[in-house]
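Chemist: sequence unavailable; structure follows:
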């Protein structure tokens, strides 16, 4: 009688161990690693937003010829500095950030008849995920690159220079 109770307890304890492998696989492959990729992509998005903010701030105080130039401070200088320091150094980009700068007229001051100029800066970054997950389909941000396009506007400090 004592032997039968020992055999039953051994069988019930061993079944939990046999379920550990599939449970660990599901936990890691379906929850943990995708969550790590999503957190990484959120950090990269925040870094790209910071890049766009710095570019729009620079475009607001820079002459329009320099801001529209592909080798100018807005489209080349700020991204180069961003890629060398801070979060920009840790972003995994495919290529170089693409920047589009445009100008439009804003409101007119009725007292002085001066028209405000508004600069719009759009930055596109193609980012690769932190981990490449072995899935059968391509999911942007998980095992395929993801494009972020951030657009911001700023009022020019010296609107007479805007073109």
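Modeler: Received the coordinates, thanks. The shown structure was predicted, so the numbers you read here are calculated from the model rather than taken from an experiment.
Chemist: which SSE is immediately downstream of the lengthiest strand in the chain?
Modeler: In the chain, assigned by DSSP state E, the strand with the most residues is strand 115-127. Sequence-wise, the next helix or strand downstream of strand 115-127 (DSSP states H and E) is strand 146-155.
Chemist: that next one pairs with which strands, parallel or anti?
Modeler: strand 115-127 (antiparallel) (DSSP bridges).
Chemist: quick one: distance of the strand it pairs with to the chain centre.
Modeler: Between the mean C-alpha point of strand 115-127 and the mean C-alpha point of its chain there is a distance of 16 Å (C-alpha atoms, centre = their mean, to the nearest Å).
Chemist: buried ones in it?
Modeler: Judged by neighbour count using 16 or more other C-beta atoms under 10 Å, the buried positions of strand 115-127 are 117-119, 121-127. In short, each C-beta sits where N, CA and C put it, glycine included.
Chemist: tell me which stretches of the protein form helices.
Modeler: With DSSP state H as the definition, the chain shows helices at residue ranges 2-26, 33-61, 64-68, 78-84.
Chemist: quick one: closest of the ones you listed to residue 92.
Modeler: helix 33-61 (7.5 Å; C-beta to C-beta).
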